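Student: Curious how this folds, go ahead:
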Amino acid sequence: MKKTTYVVYLGFIALTTLTACFEVEEPAPSFDAESVKASVQGRWAVEKVSNKLCRDNSCTSNTVAGTPQEYFEFRADSAYVLRTGASINATLCDAYKAEYDQGGVILLSNASRKERFKIVELKANKAVMESTFTGRDPAAVFTDTYYLYR
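Tutor: Numbering: from 1, shown residues only. Have a look, this model is predicted:
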């Protein structure tokens, strides 16, 4: 009897220890294409932009506050982005073709670039979008996270 109790006790300890080692991954929010298209329509001010550059397992990051003039404006089939400030030394207004075909993703493209924005968070007055891309150096991976509000 003692041996059975001892084995059950050890089994319980082993099971408890093993289950504590498992990482629980938070489920990614799922957004269908139509709800994203309907929810993002209109003008969004840029609260801040977090930039991250990773190269050779080393990453650097910085955050730039948005200015009152900066915005994203989404329409049914197009989008406009106005960026300004010292970080880009100019005022740029880019027009894009917008595609909302993939759930949780907005694809913006024009003659010079194509950028894929993954929706991280989407609420009535707040949106967080992330864009990951490579530049001329394929070993360098850039991630820009835009924090938008209405």
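Student: quick one: the strands in the protein?
Tutor: 42-55, 58-65, 71-74, 78-85, 90-99, 105-109, 114-122, 126-134, 140-149 (DSSP state E).
Student: Which among those strands is found nearest to Ser30?
Tutor: The closest approach between Ser30 and any of the strands of the chain, judged by CB to CB, belongs to strand 114-122 at 9.7 Å. In short, each C-beta sits where N, CA and C put it, glycine included.
Student: how far is that closest one from where the chain is centred?
Tutor: Here strand 114-122 shows a centroid-to-chain-centroid distance of 6 Å under the convention CA atoms, centre = their mean, to the nearest Å.
Student: Report how many residues lie close to Asn57.
Tutor: If you count neighbours by other CB atoms under 10 Å, Asn57 ends up with 5.
Student: returning to that earlier point: mean pLDDT for the strands of the chain - can I get that in a markdown table?
Tutor: Below are the strands of the chain laid out as a markdown table (pLDDT from 0 to 100):
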| stretch | mean pLDDT |
| --- | --- |
| strand 42-55 | 95 |
| strand 58-65 | 95 |
| strand 71-74 | 96 |
| strand 78-85 | 87 |
| strand 90-99 | 88 |
| strand 105-109 | 95 |
| strand 114-122 | 94 |
| strand 126-134 | 94 |
| strand 140-149 | 96 |
